[in-house]
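A.B. asks: need a structure here:
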Amino acid sequence: MNVDLILVAITVVVALIFDFLNGFHDAANSIATVVSTRVLSPKLAVVWAAVFNFLAAFLLGTAVAKTIGRGMIRLDDVNQYVVLAGLFGAIVWDVLTWWWGLPTSSSHALIGGYAGAAMMHAAVHTGWRTSFSVIIAAGWYKTLIFIVIAPVMGMTLGLLFMTSAYWLLRRQAPQQVDGWFRKLQLLSAAAYSLGHGGNDAQKTMGIIAGAMYTGGFMSKQDMLANWGKYHWPIILAAHAAIAAGTYFGGWRIVRTMGQRITKLRPLGGFCAESAGAITLFGTALAGIPVSTTHTITGAIIGVGAVHRFSAVRWGVARQIVWAWIVTIPASALMAGIGYWLIHIFQSQA
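C.D. replies: Model (predicted):
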């Protein structure tokens, strides 16, 4: 059997495993607010989120997939082992942070791992000084800038929505407001899950496309083609994997997101999810691979800060921010080690 075909198949399977873990790890992002406000039970919440994660395949395009697939790492410096090592680094970091209960970004773990493996590939074959030559700076600028902008957008919109809602509903009974927003939060949770699926599943789509290109099963023209027309198997597989991961998602990060940052009521949950959804819709359509975790965390902080800044547990928020800062270099280091081990194994084979 063709060795390249076997490698591509293994890479695609590993990429879908990462996509599953992405949904598993980020399930908290989609359901923490709707569960913490007791609008839905945990079981119903994960089903609700998983369904809309999958439906995003038909609604939010493929601009993010194109950025990941050909806009961040030079394709000429990528082979199957680079993609596999990149996925390894991202998966290890995701599992560790899930175990620690930290809502870090699976997206940034993926791009960090991809970059780290590609840089190690260049270092091994052409010297350490060439490591950074694999990076396409233009693709990284907007990603790194939006590490800051996405949570700030979420926080600003959450603060604005919550403040506006308090003013508009100031004469309504709290029980009545809770009743209204318990129903409306179903819509905001669905919208956020669409944004989550539309942004995060596309990152795996881009990695799979890169693996198929390096294996000779996709041309550069295919990478530039209309994904909706030519790549439906990749699109559907990636969205199905992330939806399955969301369905089976764990509770460690749900507790951090929904309970430890600030206490939420249905109105606050609606405002936070709406703020996160709007941010994710805009960035997905613009092809900017942002962190869904950063976005919803910022939105929750914005909602909590409306009451008073002391309502936000800043110690927890500080731990989360530090986890964000180290995610890209940590996953890059793990992926680099993974590629180096693969290279050593190949040399001795």
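
A.B. asks: chain neighbours aside, what residue packs nearest to residue 240?
C.D. replies: With sequence-adjacent residues excluded and distances taken as CB to CB, 6 or more residues apart in numbering, residue 240 is closest to residue 54, at 6.2 Å. (Each C-beta comes from the backbone N, C-alpha and C, glycine too.)

A.B. asks: that neighbour: what's it in contact with?
C.D. replies: Residue 54 makes contacts with 197, 239, 240, 242, 243, as judged by CB atoms under 8 Å, 6 or more residues apart in numbering.

A.B. asks: mind putting the residues you listed in CSV, distance to residue 111 and pLDDT included?
C.D. replies: Formatted as CSV, the contacts of residue 54 follow (distance: CB to CB, whole Å; pLDDT from 0 to 100):
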residue, distance to residue 111, pLDDT
197, 18, 81
239, 19, 84
240, 22, 87
242, 16, 84
243, 22, 84
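
A.B. asks: could you identify the most distant pair in these?
C.D. replies: Greatest spacing in the contacts of residue 54, by CB to CB: 197 and 240 (10.2 Å).

A.B. asks: if you count neighbours, what's buried in stretch 284-293?
C.D. replies: 284, 287, 288, 289, 290, 291, 292, 293 (16 or more other CB atoms under 10 Å).

A.B. asks: what average pLDDT does that stretch get?
C.D. replies: Mean pLDDT, computed over stretch 284-293, is 81.

A.B. asks: stretch 82-99 now?
C.D. replies: 86.

A.B. asks: next, the buried residues of that stretch.
C.D. replies: Going by 16+ other CB under 10 Å, stretch 82-99 has these buried residues: 82-94, 97-98.

A.B. asks: how about stretch 64-74?
C.D. replies: In stretch 64-74, counting by 16+ other CB under 10 Å, buried: 64, 65, 66, 67, 68, 69, 70, 71, 72, 73.

A.B. asks: do stretch 160-171 as well
C.D. replies: 161, 162, 165.

A.B. asks: need the residues you listed in JSON lines (columns: distance to residue 299 and pLDDT).
C.D. replies: Output for the buried residues of stretch 160-171, formatted as JSON lines (distance: CB to CB, whole Å; pLDDT from 0 to 100):
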{"residue": "161", "distance to residue 299": "9", "pLDDT": "93"}
{"residue": "162", "distance to residue 299": "10", "pLDDT": "92"}
{"residue": "165", "distance to residue 299": "14", "pLDDT": "91"}
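
A.B. asks: next step: those restricted to strands.
C.D. replies: Taking DSSP state E, every one of the buried residues of stretch 160-171 sits outside strands.

A.B. asks: got CSV for the residues you listed, with distance to residue 106 too?
C.D. replies: Rendered in CSV, the data for the buried residues of stretch 160-171 read as follows (distance: CB to CB, whole Å):
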residue, distance to residue 106
161, 26
162, 27
165, 31
